[in-house]
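Undergrad: Sequence and predicted model, in that order:
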Amino acid sequence: MSDFTFFGSLNYIVVLYFSFFILSILMGCYVYFKNALNTTTVVFLLLCFAFTTLLLSETLFSWTIFKSDAFLVSRWKSIGFVLFWPLTLTLFLSIKFNKIPVPWKILLSILFGYSALLIASYFMGISHPGDLIREGLIWIDVPYWSPIGIGFIIMMPLCAVLIFYTLFTIRYRAFKAKNKIVMKQIDIMAWSGLPFALFGNALNLVAPNLNIKVPSIGHLFIGIWILFVGYAITKYKFLVPTLEYASKQIFTIAGEIILITDLKLEITEFNVAFEEQLGYSGTSGLFLYDIVLDGGKLKTDAECGGIIESRVVEAQRRLGGTMHAKLKCAVLYNDEIKIGMVFVLSDITELINLNTELENKIANRTRMLAEAKEEAEHRLHITQIYTRRSIVDMIKEGVDPTMITPTEKNVTILFSDIRNFTALSENMTALTIVSLLNQYFEKMNQTVIDHGGEIDKLIGDCIMALFDDPEDAIDCAMAMRGCLVELNDENKLPKRLNSGIGINYGEVTVGNIGSGSKMDLTVIGDIVNSASRLESLTKVYHLPIIISEVVAKKLEGTHDLRFIDHVLVKGKRAPMRIYEIYDHEKEEIKKLKGKHQNRMTDAFAVYSGGDFLGAAEIYREILQDLPPHSYTKNMSADPVVDFYLKRCLSMKEKQDHGLLNEWNGIYEFMEK
């Protein structure tokens with residue numbers, strides 16, 4: 001060894017290892033400080049520190065002269081080399097999962113525990129190279145595996161397999177979601193890692209065990225891989241909150257064109273809708289104002305740094321022609337520094353064309369309705385005059401209805417309204433519409449009178465009726481459903497006429513409302529508004545009859561009914577429980593609803609507790625036992641089950657976005 005001096009042993013291997021030692025430190029710090037502080041950046045920094053320990057040890061190992069020093073440095077090498085594998089696996093698991101699952105945590109705990117034991121065995125002299133032989137300017141390891149160290153032969157390939165398994169599952173998930181940013185990131189990480197890992201292990205492990213004397217530079221290939229991983233993380237801003245925000249916007253408004261630009265409006269990222277709707281397959285050198293025919297204004301807004309208000313623009317298609325679109329835009333920030341802009345283009349070409357066509361139809365319909373206006377108003381006026389039987393009775397008895405003083409009274413309120421009458425009457429003449437309405441009112445009004453009720457008013461195609469006894473109102477509602485079937489059979493309409501009925505019970509004020517020239521004897525109170533809301537809810541739940549909890553208690557088990565929901569309707573402070581009456585249904589439908597009553601109760605309890613996926617699974621099970629609806633496509637015989645399945649999925653999406661922090665099982669309707 002007298003031929004060697006310390007600086008005389010300096011060689012290209014020492015220089016290479018020391019260079020990568022510096023690069024690894026810089027890359028770890030750069031990724032950590034460049035991106036947001038989270039689990040992934042912390043693990044990447046730890047991985048870089050572990051590897052720099054290995055690289056510094058390799059530098060000293062290749063530089064040292066004496067065998068005793070080489071054995072000492074090889075122990076320090078073990079820290080970086082052994083910890084590299086579980087740390088790398090942890091890094092990619094943190095990228096794959098927002099929160100690493102428990103089974104993976106258990107495996108990682110075992111790997112890190114064994115790593116600590118193995119490193120300790122190196123320093124205690126239990127595990128070490130069989131011998132170190134100096135040949136020229138490098139040391140050659142003579143392999144030796146202790147009982148503790150032999151397990152590393154299993155741990156290292158196990159970690160390698162799990163690392164690349166994790167990478168390729170992330171890429172597959174990104175491919176299914178068409179997330180090109182993640183696909184590019186994983187391509188860099190995976191396809192750079194495979195060859196470098198193979199070369200590194202071939203030089204460091206396979207060659208020495210086969211007595212092949214090669215320079216000890218295998219770890220440099222793994223070091224190159226770490227640099228590629230850091231490059232992929234930073235290049236595509238995988239960890240930057242602004243890009244996460246942009247991704248959320250893309251998923252929120254899926255189907256619309258999404259473009260991300262730099263501050264000069266050069267397009268840097270785009271979604272699939274951009275390719276499909278405008279025909280562009282690439283955006284190299286393409287600016288937003290090359291596509292959106294509002295370029296001057298867009299450029300001015302971007303330079304000012306403001307948010308561009310939503311407005312209608314024209315977008316140029318690649319192969320010619322334009323698309324009418326609504327444009328929305330917002331500035332993207334990173335640590336309060338503007339880094340780009342996100343644009344959303346919503347195709348409204350068809351809407352504009354339909355709007356023009358609709359305006360023409362409205363003009364034609366207006367002319368047709370004007371021709372029948374006199375006759376329609378005359379018939380409706382007569383109907384309004386004779387709507388209230390009690391007023392006619394008062395006049396017969398010599399009582400002046402205009403002199404009645406307001407009184408408090410408990411009554412049952414029934415609201416009935418025709419569903420989608422505008423769409424149904426779209427292809428009907430005005431005279432046919434009036435004739436159909438008169439047939440409808442003739443049957444329904446008489447049904448109300450036959451069941452001891454009184455018509456308070458007609459509002460378009462809506463009937464408001466009053467009853468003293470809730471039982472009479474329920475019997476009337478079911479009879480009205482029967483009359484509706486007869487009306488459909490008699491008229492053979494292109495679409496079946498349908499209605500919704502809401503019933504409530506409580507105290508109202510009975511009195512005159514109006515002036516000397518026009519007065520109406522009617523009822524006023526909170527239950528009137530609530531009954532109207534119940535009727536509106538029949539559209540939401542696709543049910544013919546919905547009643548309040550007060551009415552349900554009054555029935556005392558004399559009818560087939562079931563609980564539907566616990567809701568807070570618009571304009572009300574107190575929530576209400578709503579029920580469905582289904583005595584009038586066909587026998588097979590009643591049996592199905594009775595059969596699934598307990599499962600529906602269980603599902604609603606799970607739904608109320610906030611487990612929307614669990615509730616959805618129960619509703620799916622119920623759906624499997626239901627035949628299709630008799631009249632409505634893509635709906636089961638029990639529409640409430642379809643409704644709750646859709647609501648559970650919608651509520652789960654809101655829950656994932658943090659919009660249901662105070663969920664208490666009561667659904668609030670924001671519209672009437």
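TA: Yep, that arrived. Numbers count the residues shown, from 1 in each chain.
Undergrad: so where do the helices sit in the stretch 551-672 of the chain?
TA: 587-595, 597-608, 612-623, 639-656 (DSSP state H, counting those that start in this stretch).
Undergrad: Residue 362: which of those helices is closest?
TA: Checking the helices of the stretch 551-672 of the chain against residue 362 by C-beta to C-beta gives helix 639-656 as the closest, at 31.6 Å. From N, CA and C alone the C-beta is placed, and that goes for glycine too.
Undergrad: what's the closest one packed up against?
TA: Packing partners of helix 639-656 (3 or more C-beta pairs under 8 Å, 6 or more residues apart in numbering; DSSP states H and E): helix 526-541, helix 597-608, helix 612-623.
Undergrad: most neighbours per residue, which of the ones you listed?
TA: helix 526-541 (a mean of 21; mean count of other C-beta atoms under 10 Å).
Undergrad: Now find how far off-centre it is within its chain.
TA: 29 Å (C-alpha atoms, centre = their mean, to the nearest Å).
Undergrad: pLDDT on it, on average?
TA: Mean pLDDT, helix 526-541: 92.
Undergrad: So what's the gap between the helix or strand that comes right after it and the chain middle?
TA: With elements assigned by DSSP states H and E, the helix or strand that comes after helix 526-541 is strand 545-548. Relative to the centre of its chain, strand 545-548 is centred 32 Å away, using C-alpha atoms, centre = their mean.
Undergrad: for the stretch 151-300 of the chain, what spans make up the strands?
TA: 257-261, 267-270 (DSSP state E, counting those that start in this stretch).
Undergrad: Which elements pack onto the first one?
TA: Under the contact criterion of 3+ C-beta pairs under 8 Å, 6+ apart, the helices and strands touching strand 257-261 comprise helix 241-252, strand 267-270, helix 272-278, strand 337-347.
Undergrad: just checking, residue 230 touches residue 31?
TA: Yes - the criterion here is C-beta atoms under 8 Å, and residue 230 meets it with residue 31 at 4.8 Å.
Undergrad: and these two? which has more neighbours close in?
TA: Comparing residue 230 with residue 31 by other C-beta atoms under 10 Å, the one with more neighbours is residue 230, at 24 against 21.
Undergrad: Looking at the more buried one now. What's its pLDDT?
TA: At residue 230, pLDDT is 76.
Undergrad: measure it to residue 21 for me?
TA: Distance of residue 230 to residue 21, computed by C-beta to C-beta, to the nearest Å: 15 Å.
Undergrad: Over to residue 285?
TA: 40 Å.
Undergrad: re earlier: of the helices of the stretch 551-672 of the chain, which is nearest residue 122?
TA: Nearest to residue 122, of the helices of the stretch 551-672 of the chain and by C-beta to C-beta, is helix 639-656 at 46.6 Å.
Undergrad: what angle do the closest one and helix 587-595 make?
TA: Note on geometry: by axes from the mean of the first three to the mean of the last three C-alpha atoms, to 10 degrees, helix 639-656 and helix 587-595 are set 40 degrees apart in direction.
Undergrad: quick one: buried residues of helix 639-656?
TA: The neighbour-count check on helix 639-656 (16 or more other C-beta atoms under 10 Å) flags 640-645, 647-648, 651-652, 655 as buried.
Undergrad: you'd agree residue 265 is up against residue 291?
TA: No - the pair residue 265 / residue 291 is not scored as a contact, 10.1 Å apart, by C-beta under 8 Å.
Undergrad: Which of these two has more residues huddled nearby?
TA: residue 291 (27 against 22).
Undergrad: Go ahead and confirm residue 507 touches residue 409.
TA: Yes - the pair residue 507 / residue 409 is scored as a contact, 7.0 Å apart, by C-beta under 8 Å.
Undergrad: if we can go back for a sec, have a look at residue 285 and residue 21 and say which one is more surrounded.
TA: Comparing residue 285 with residue 21 by other C-beta under 10 Å, the one with more neighbours is residue 21, at 20 against 8.
Undergrad: quick one: secondary structure of that one?
TA: For residue 21, the assignment made with DSSP: H, G, I helix; E, B strand; the rest coil gives helix.
Undergrad: Which pLDDT does the model give it?
TA: 71.
Undergrad: hey, which helix or strand in the protein has the poorest pLDDT?
TA: Every helix and strand in the chain was compared by mean pLDDT, DSSP states H and E; the lowest is helix 241-252, with a mean of 50.
Undergrad: can you tell me which residues contact residue 319?
TA: Taking C-beta atoms under 8 Å, 6 or more residues apart in numbering, we find residue 319 in contact with residue 279.
Undergrad: can you tell me how far it sits from residue 279?
TA: 5 Å.
Undergrad: try residue 118
TA: For residue 118, the distance to residue 279 - C-beta to C-beta - is 58 Å.
Undergrad: okay, the two: which has more neighbours?
TA: Taking neighbours as other C-beta under 10 Å, residue 118 and residue 279 compare with residue 118 leading, 22 against 13.
Undergrad: Grab the nearest non-local neighbour of the more buried one.
TA: residue 82 (5.3 Å; C-beta to C-beta, 6 or more residues apart in numbering).
Undergrad: Now do the phi/psi pair for the one you found.
TA: With angles defined as degrees, to the nearest 10, residue 82 sits at phi -70, psi -40.
Undergrad: ditto for residue 506
TA: phi 170, psi -170.
Undergrad: tell me, how many neighbours does it end up with?
TA: So residue 506, with other C-beta under 10 Å, has 17 neighbours.
Undergrad: got a list of what it touches?
TA: 410-411, 525-527, 550 are the contacts of residue 506 under C-beta under 8 Å, 6+ apart.
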